[in-house]
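Colleague: Everything below, folded, please.
(4 chains)
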There are 2 protein chains.
Amino acid sequence: MATNTKQTIYDIAEKAGVSASTVGSALNGTWKSRRISEATVERIQEIAKKLNYSVNLQARALRNAKSGLVGMVLPQHDNRFFSSVGQCFSNETRGREALPVIVSARRERDQELDAVRGLIDASVDALMLVGTSHPNDLSDLCLRANIPHVFVDQPCDYAPSVVSENRAGAKALTKVLLKEYPDVDPSSIYFLGGDAGLPATGQRIVGFKDALSEKGFEATDAQIVACGYQRRAAMDALQRVYEDRGSLPLVLVINSIGCFEGVLEFLVQLPSKVVDACGIGAFDYDPFGGLLRHPVPMMRQRAEEMVKRAYEHLDNKDTRPQITYIQPELILPKYGYRF
Amino acid sequence: MATNTKQTIYDIAEKAGVSASTVGSALNGTWKSRRISEATVERIQEIAKKLNYSVNLQARALRNAKSGLVGMVLPQHDNRFFSSVGQCFSNETRGREALPVIVSARRERDQELDAVRGLIDASVDALMLVGTSHPNDLSDLCLRANIPHVFVDQPCDYAPSVVSENRAGAKALTKVLLKEYPDVDPSSIYFLGGDAGLPATGQRIVGFKDALSEKGFEATDAQIVACGYQRRAAMDALQRVYEDRGSLPLVLVINSIGCFEGVLEFLVQLPSKVVDACGIGAFDYDPFGGLLRHPVPMMRQRAEEMVKRAYEHLDNKDTRPQITYIQPELILPKYGYRF
DNA sequence: CTGAAAGCGCTAACAA
DNA sequence: TTGTTAGCGCTTTCAG
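Modeller: A predicted model of the protein is given here:
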């Protein structure tokens, strides 16, 4: 029968008539190098099972100066891209016999700092920082606490970073749209969403402009609407554009999946003809986006590759600043029935 | 200047010329009850800041028998419903000054057991088990380890559970669809997705049948296709139905958002006329689903309420089995432009 | 108002 | 092949 109070190696030692250290190594695998007889080990393991023993990882961590926790900070869980990142991180971390601790921080400086501090207090063995708004400040904290860390999605000046090829991706996406509208009035091409102060958005804007200038167009500030990442903000921003112009943009490149939802939410109120005429593309991917009657090419960021690469940096104890670029994947709309 | 090696209360004690226990209580807030002078406390805090001190939570945990970790097990992160659950859990947990540890276990028994064992080893102070396939086994582990725990989405016989009103929800959803097709051939009404062995799906099937029998219909086994939760499985299952019948069902109630994606993926290959004739409704919610040209009513599960209720059980140290039902929300398609 | 000392559960020398 | 012991960093009596 199992007891209801948590058992320690001392309890087992007593029942087994051996010392606690013998029990310890019988249970943590070091018994081979300590040359403890297989017989005792088996006996101990049996008793442990019977008593429903489980290690106390804090005690082990305290002794070993290694917690078995790996932390991740990301903007939010409920987002297709970040939840994929979280899923991959969870898989990879469990595969390394460690426990993932994922904290969301809404891209806000204070929350990010708070999250990182909390994770440092928990003595995480490593930290993966995803889509953070203040990478350098966070890296600073980690450096002072001597915590190996990598950045994903938004790069940092002081640590290894893994990001999408945003510039090339945005350029390719924009070109797909422009091809559909060869004679478009250049001033009716818009980029919407994101934070122009952050590298990811910044690079996408550059890529967007690249595509335009290949056509001999030059984008004005008015065509770049970096309204943030919120669904609602994107909705409002597009509405403003619509009112100012008196019409929709002819080509609209959207910077994040959250904004994409906001855009659709706005468009859904307009008459069909108006929306039909507008070419829409989105950075980030949503499977539903590919099923819409209105064809929407999308740039899927490769979450899995990004997390794996980031983990490689951690595994290799790579600490110097360097950026690894991962090419995103262009997803063109399917043909057939259109929802 | 900050040092690069982790500081302890002893380091601070030395610099401050006081004892470690004084530093300890100055830093953890117990100094008031220990009546330590505010002056020393301030001095200590200053030194701590300068040395870039941060508590070692394992040490504290070991001493206090309280880890400051709260665990969650869920099927997957990359799913709209579960990622909302994860987000709410993260928020609630951080609000309680604890750290969320979320582990995904794909609804597989071994992975679930493993995850729970890992969390028990980490001495989580409480555990929230979401959408698990083997609740009773997991509860058993927790009970033996004396860990307060709650179930969400799938109920357990031995612990408090918070679940959606699946039966009523499925009935209401089915009725919405039936209303559109008053003269439908009863045998062409299908329920697709989920695991009939699990209570959530089971209840939804009952609700589905309720709606049918109100119409005087009786569902046969062939109409209930509990093909699991995978996108791919749903795709294949629907294809089989299509081939067997020689046509699509006229009314299709889909049991989970993952299956919904699979269904759309299949339908996208068919000619418009065929799909247009089919009435589709989905349990679980996706904002894109509401924007489709093909109108899809959806039952949104209230993730936030569910997590909050679950946390209430934990806060109240409620341990006896009981089920709290949360009513899901019917979301009807928007009208206007249809994508 | 503050210090000394014990102990949380585990691991790793060092002895035996 | 196994036991003894010290100590990881912190909190908490108990003394002073």
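Colleague: Going by C-alpha atoms from here, please, whenever you check contacts or count neighbours.
Modeller: OK.
Colleague: In contact with residue A:278, which residues?
Modeller: A:248, A:249, A:250, A:251, A:252 (Cα atoms under 8 Å, 6 or more residues apart in numbering or on different chains).
Colleague: Pick out the residue in the stretch 51-200 of chain A sitting closest to DNA strand D.
Modeller: residue A:63 (3.2 Å; Cα to the nearest atom of the strand).
Colleague: Where does that residue sit, in terms of helix or strand?
Modeller: Residue A:63 is part of helix A:57-64, with elements assigned from DSSP states H and E.
Colleague: If you count contacts, what does that helix end up packed against?
Modeller: helix B:57-64 (3 or more Cα pairs under 8 Å, 6 or more residues apart in numbering or on different chains; DSSP states H and E).
Colleague: where does the helix it packs on sit relative to the chain's centre, distance-wise?
Modeller: On the basis of Cα atoms, centre = their mean, to the nearest Å, helix B:57-64 sits 29 Å off its chain's mean C-alpha point.
Colleague: same check, this time on stretch A:275-282
Modeller: The answer for stretch A:275-282 is 27 Å, by Cα atoms, centre = their mean.
Colleague: just stretch A:218-227 next, same as before
Modeller: 27 Å.
Colleague: which residues touch the helix or strand containing residue A:266?
Modeller: Assigned by DSSP H and E, residue A:266 belongs to helix A:257-267. Residues from elsewhere that reach helix A:257-267 (Cα under 8 Å, 6+ apart): A:79-81, A:192-193, A:229-235, A:238-239, A:254, A:275, A:282-286, B:287-288, B:291, B:337.
Colleague: what about the stretch 1-150 of chain A, any weak spots by pLDDT?
Modeller: Within the stretch 1-150 of chain A, the segments meeting pLDDT under 70 span A:1-4.
Colleague: can you give me the strands in it?
Modeller: A:69-74, A:99-104, A:126-130, A:149-152 (DSSP state E, counting those that start in this stretch).
Colleague: can you map out the helices along the stretch 51-200 of chain A?
Modeller: A:57-64, A:80-95, A:109-121, A:135-145, A:166-180, A:199-214 (DSSP state H, counting those that start in this stretch).
Colleague: packing partners for the next helix or strand after the last one?
Modeller: Proceeding N to C from helix A:199-214, the next assigned helix or strand is strand A:224-225, under DSSP H and E. Packing contacts for strand A:224-225, counted by 3+ Cα pairs under 8 Å, 6+ apart, involve strand A:189-192.
Colleague: mind redoing it with 10 Å?
Modeller: strand A:189-192, helix A:199-214, helix A:231-245 (3 or more Cα pairs under 10 Å, 6 or more residues apart in numbering or on different chains; DSSP states H and E).
Colleague: want to throw these into a markdown table with mean neighbour count?
Modeller: Putting these into a markdown table (neighbours: other Cα atoms under 10 Å in any protein chain shown) gives the following:
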| stretch | mean neighbour count |
| --- | --- |
| strand A:189-192 | 26 |
| helix A:199-214 | 20 |
| helix A:231-245 | 17 |
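Colleague: Could you check these and tell me which one is nearest DNA strand C?
Modeller: Going by Cα to the nearest atom of the strand, the one of these nearest DNA strand C is helix A:199-214, 42.1 Å.
Colleague: Quick check: mean pLDDT of that closest one?
Modeller: Per-region confidence: helix A:199-214 scores 96 on mean pLDDT.
Colleague: Ok, stretch A:246-256 next?
Modeller: So the average pLDDT for stretch A:246-256 ends up being 94.
Colleague: what's the span of that stretch, first residue to last?
Modeller: Terminal residues of stretch A:246-256 are spaced 25 Å apart (Cα to Cα, to the nearest Å).
Colleague: mind listing what residue A:188 touches?
Modeller: By Cα atoms under 10 Å, 6 or more residues apart in numbering or on different chains, the residues touching residue A:188 are A:219, A:222, A:223, A:245, A:247, A:248, A:249, A:250, A:251, A:252, A:278.
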